[in-house]
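1. need the 3D shape of this:
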Amino acid sequence: MKLNKVLLLLLFLLSASVVFGQSSAELKRKKEAIQREIDLLQKNANKAAKNKKLTLSQINALNAKIRLMQSKISVINSEMKNLDNQIHENTNVVHNLKGQLGQLKKEYASMIRFAQRNRNSYDKMMFIFAAKDFNQAYKRIKYLQQFGQYRKKQADYIQGKQKDLNYKIVILDKSLKEKSNLLHEQEQEKSKLGKNKSEQSQVLNKFSKEEKQYRQDIATRKKIAAQLDRNIRAAIAREIEKARREAEEERLAAERAAAAKAKAENKPAPATAAPKAKTSSGYLTATPEAARLSSQFESNRGSLPWPVATGSIIERFGRHMEGQASYTNDGVNIETSEGAAVRAVFNGKVTTVMEQYGRYFVLIKHGEYFTVYQNLKSVNVSKDQEVTTKQTIGTVGNTEGTPQLQFQIRRGMSAQNPEAWIAK
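-> Alright, predicted model coming up:
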C-alpha cells in the first residue's frame, strides 16, 4: 500500500511538471515575441528621432511600446507564479522523500541487525532443523531466501530514493536561481517602463503645446482617410453590383431555358416567381465557390496570418482621440521593418489595385469578405489575379518616417476589428 501511494505521488508530480514545462515554454515564447516587437519599435523610433518634428506615428509607437512593456512584465509575473508553484511542489516532494528515506533506512537497519544475529550458517541450519516437520523446514528455507532477496531489494530501493532526492534538490536549486533571474529581469523592465512613461509624459506635454499644428495634421489625415474610405467602399460596392448582375443574368438565363424547354415539349410556359430581395452577402456568396471561401475565411477567425512577417500594432481599430480632435480607424496600423513584404492573409481574388497620394492600396475578395492593404510603396499583383495565403502582394511604404501598413477586414461594407481575426 505504501509503495502504491508513493508511485501515485510520483506520477502526479511527473504530470504536474509536464504541465508546468508546457506553460513555462509558452510564456517564454510569448515574452520573446513581445521583446521582438519592442525591439522593432525602438529601432524605428531611433531612426525617426533624427527628424526633430514630433509625429502622430511616433506618439502611437511610443504608446504601443509602453503597452508591450506592461504585457512583458505581466508575462514575467506569470512565469514567477509558475515557478513559485513548482518550488512549493518540489519542496514538499523533498520533505516527503526525506521522510520516506529515513523510514526505509530504519527498516533496513532492523534487517541488518537481524541478519547480524543470524550471520553464520550454523545459526541458519539450527533455525531450519528446529522445525517441527519437513513442511515447516521447507517454509523456513524459503523464508530465509526471500528475506535475503527482500534485503537486496530494499537496498536498491533506498539507493533509488536517494537519487530521486538528489535530483529534486538540483531542480529546486535551479528553480530558485531562475526565480532570482526573473526578479532581476522584472526590476529592469520596470525601470525601462518608468523611463518610457517619463518620455511619454514629455511627448504629451509637447503635443499639448503644439496642439494647433497637430490638429491640422489630424485634419489632413482625416481627409486622406476619408478619400481612401470612399474609394474602398466604392470598390466593394462595384463588386456587390457585379455579383448582383451576374446572379440576375443567371436567373434570367435559367428562366429562358425553362421556357424554351416547355415550348419544345408543347407545354405551357412555367410561371416565374418574383425574385426574392437579397442582401449584399447573398449576392457575394451566390456561387458555391464563393460560399465555400466565405465559410473557410470565417472558420479561420482568430488564426489568420499577419499581413507582414514581423510587426506591432501601433494604432487599433475604432475611434481615437488626439487632444480635442477625433478620428476613426476602420482597421489597424501595423509598424514593421523597412521594405517589408506585404502578404495576403487568405486565398482570394484581387479586385482593386489603386494608387492614391503616391501610395497603393490592394483590395482582395474572399467570398463575402474583403481584406484591404493600404500604404504600399509597390505592388506585384494585378486586378482579377488569384492569390494564396501568405503570397507577397507588395512592399510596405513609410508614413511619417516609419514603415507602416494600414490593414482592414470587411464583411461587405461593414468594417471588422482585424485583431479578432489575425493570430495573437
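
2. and what about Asp314, helix, strand or coil?
-> You called it Asp, but residue 314 is Ile. strand (DSSP: H, G, I helix; E, B strand; the rest coil).

3. next, count neighbours for it.
-> Ile314 has 25 neighbouring residues, counting by other CB atoms under 10 Å. From N, CA and C alone the C-beta is placed, and that goes for glycine too.

4. where do the helices of the chain begin and end?
-> For the chain, the helices defined by DSSP state H cover 2-48, 56-117, 121-129, 134-209, 211-264, 280-284, 288-299.

5. who does Lys365 bridge with?
-> With DSSP bridges as the criterion, Lys365 is bridged to Lys349, Phe370.

6. let me know the pLDDT of it.
-> Lys365 is assigned a pLDDT of 95 by the prediction.

7. name all residues that make contact with it.
-> By CB atoms under 8 Å, 6 or more residues apart in numbering, Lys365 lies in contact with Glu239, Leu284, Gly348, Lys349, Val350, Thr351.

8. please apply the same query to Arg343.
-> Pro305, Trp306, Pro307, Val308, Ala309, Lys390, Gln391, Thr392, Ile393.

9. show me the beta-bridge partners of it.
-> Thr392.

10. residue boundaries of the strands in the stretch 301-424 of the chain?
-> For the stretch 301-424 of the chain, the strands defined by DSSP state E, counting those that start in this stretch cover 312-315, 318-322, 325-329, 332-335, 341-343, 348-356, 359-366, 369-379, 386-387, 392-399, 402-411, 414-416.

11. and among the ones you listed, the most buried is which?
-> When those are scored by mean count of other CB atoms under 10 Å, the highest mean neighbour count falls to strand 332-335 (a mean of 25).

12. so what strands line up beside that one?
-> strand 312-315 (antiparallel), strand 402-411 (antiparallel).

13. ranking those strands by mean pLDDT, which is last?
-> Mean pLDDT values for the strands paired with strand 332-335 show the minimum at strand 312-315, a mean of 90.

14. about what we covered before: now the strands of the stretch 301-424 of the chain in JSON lines, with distance to Ser175?
-> Output for the strands of the stretch 301-424 of the chain, formatted as JSON lines (distance: least, CB to CB, whole Å):
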{"stretch": "strand 312-315", "distance to Ser175": "32"}
{"stretch": "strand 318-322", "distance to Ser175": "43"}
{"stretch": "strand 325-329", "distance to Ser175": "44"}
{"stretch": "strand 332-335", "distance to Ser175": "37"}
{"stretch": "strand 341-343", "distance to Ser175": "41"}
{"stretch": "strand 348-356", "distance to Ser175": "49"}
{"stretch": "strand 359-366", "distance to Ser175": "48"}
{"stretch": "strand 369-379", "distance to Ser175": "45"}
{"stretch": "strand 386-387", "distance to Ser175": "49"}
{"stretch": "strand 392-399", "distance to Ser175": "43"}
{"stretch": "strand 402-411", "distance to Ser175": "41"}
{"stretch": "strand 414-416", "distance to Ser175": "44"}
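
15. of the ones you listed, which is nearest Ala243?
-> In terms of CB to CB, the element of the strands of the stretch 301-424 of the chain nearest to Ala243 is strand 359-366, at 9.5 Å.

16. ok, back up a step: which of the contacts of Arg343 scores worst on pLDDT?
-> Ranked by pLDDT, those bottom out at Ala309 (92).

17. for it, which residues are in contact?
-> By CB under 8 Å, 6+ apart, the contact list for Ala309 reads Thr336, Ala340, Ala341, Arg343.

18. just give me the least confident of the contacts of Lys365.
-> Leu284 (84).

19. quick check: that residue vs Arg410, distance?
-> As judged by CB to CB, to the nearest Å, Leu284 and Arg410 stand 11 Å apart.

20. now do the end-to-end distance for stretch 40-59.
-> End-to-end distance of stretch 40-59: 15 Å, with CA to CA, to the nearest Å as the criterion.

21. least confident secondary structure element in this structure?
-> helix 121-129 (a mean of 53; mean pLDDT, DSSP states H and E).

22. distance to His184 added to the contacts of Lys365, as JSON lines?
-> Shown next, in JSON lines, are those (distance: CB to CB, whole Å):
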{"residue": "Glu239", "distance to His184": "56"}
{"residue": "Leu284", "distance to His184": "55"}
{"residue": "Gly348", "distance to His184": "48"}
{"residue": "Lys349", "distance to His184": "53"}
{"residue": "Val350", "distance to His184": "51"}
{"residue": "Thr351", "distance to His184": "53"}
